[in-house]
Structures are given as C-alpha cells and as structure tokens.
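>>> The sequence and its predicted three-dimensional model are supplied below.
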Amino acid sequence: MNRRRERYRVDLPELQATCEANYLRLLRLLPEMRQSGRTRRIAISQGDQLLGVLVLQVLENCPYTTTVQVSQEHCLSWLPVPRMEVRVYHDARMAEVVRAENARRLRGIYHYPNAQMHQPDEKSQLNLFLGEWLSHCQACGHELEPVL
C-alpha cells in the first residue's frame, strides 16, 4: 500500500488566534512596551528554587510595531536557553515570532526534510510555544525588579 502524506497547510485562523492571544499576554507582562528601551525581568520559581528569569526587552519601536526580545536567564544547567524576537503589531493587536535562535524570517511552511531541519509547521509551533511560555510566566512568575 502506497500512502502519501498530505501536504501541511497553514491553519490561518488558528495562527491569527494564537498571535492575538500572544499580544494580550505580552501586553500584560510588558504594558509599557511602546516606550523604547524598556526591559522587564520576571523570576520563575518553584518553591525556593529559581528556575529562570524571563527577560522582555524592547529592541525597536515604530509607530505601528514594536520588536521585543523574549529570553530566559539563569536557566537550569541542562536546559537550552530559549531566545526569540517577537514582532508586535499594535494596529492588528497581534504578536508573532519573527526570529528564534538563528532562524530569521520564518516561513509559514517548510518543505521537509530541509537543511536546517525545520518542521513543516515550525512557525506555528514557535508561536504556540511563545504562548505557553508567557502563560506559564503569568501563572508562576513574580516581580524580580520594577519595570525599568
């Protein structure tokens, strides 16, 4: 029996809903993101153990968009350090991952296999991960220092 995999197609309404939810999460965590140079650090801990520090740093501000670097410091030694650039579209009230690690200008669909070994739905997965990461920080994070 010869089975062909169905080609991946972007679920645009789902991706837009994810980006809209990420916009609201970022706005709650960094309400003054439209001001250049803002940085906020949020500690994530379990009991007395510090698991990491979420760092939200405004890299660029334009009239309708803001670019925010989302990263984590003081991670567990065995855990890779996540780092993403997120473009926030204020007029559309959406936030999407535009860079993760070394991948810049993420495509909506990747042919698989490819040289960088991106998954066909890499962009959707990264935006879902961002949402889960920010939600976790909202639920388990606490103020490490005041908003600068």
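Arrived safely.

>>> residues in contact with residue 39?
Going by C-beta atoms under 8 Å, 6 or more residues apart in numbering, residue 39 touches 55, 56, 57, 58, 148. Where C-beta positions appear, they are placed from N, C-alpha and C, glycine not excepted.

>>> mind checking which helix or strand of the protein has the lowest mean pLDDT?
strand 103-104 (a mean of 61; mean pLDDT, DSSP states H and E).

>>> mind checking the SS state of the spatially most central residue of the chain?
With distances taken as C-alpha atoms, centre = their mean, the residue of the chain nearest its centroid is residue 130 (3.4 Å). Under DSSP: H, G, I helix; E, B strand; the rest coil, the three-state class of residue 130 is helix.

>>> I figured it hits residue 70, correct?
Yes. Assessed by C-beta atoms under 8 Å, residue 130 is found in contact with residue 70 at 6.9 Å.

>>> Pull up the overlap in contacts between the two.
By C-beta under 8 Å, 6+ apart, the residues touching both residue 130 and residue 70 are 84, 86.

>>> Give me the distance between the residue nearest to the centre of the chain and residue 47.
26 Å (C-beta to C-beta, to the nearest Å).

>>> likewise residue 27?
29 Å.

>>> cool, and residue 100?
Counting by C-beta to C-beta, the gap from residue 100 to residue 47 is 30 Å.

>>> now the helices for the protein?
12-29, 122-140 (DSSP state H).

>>> so what secondary structure elements neighbour the last one?
In terms of contacts (3 or more C-beta pairs under 8 Å, 6 or more residues apart in numbering; DSSP states H and E), helix 122-140 is packed against helix 12-29, strand 39-46, strand 65-73, strand 83-89, strand 94-100.

>>> Could you list the buried residues of it?
122, 123, 124, 126, 127, 128, 130, 131, 133, 134, 137 (16 or more other C-beta atoms under 10 Å).

>>> That concludes my questions; thank you for your assistance.
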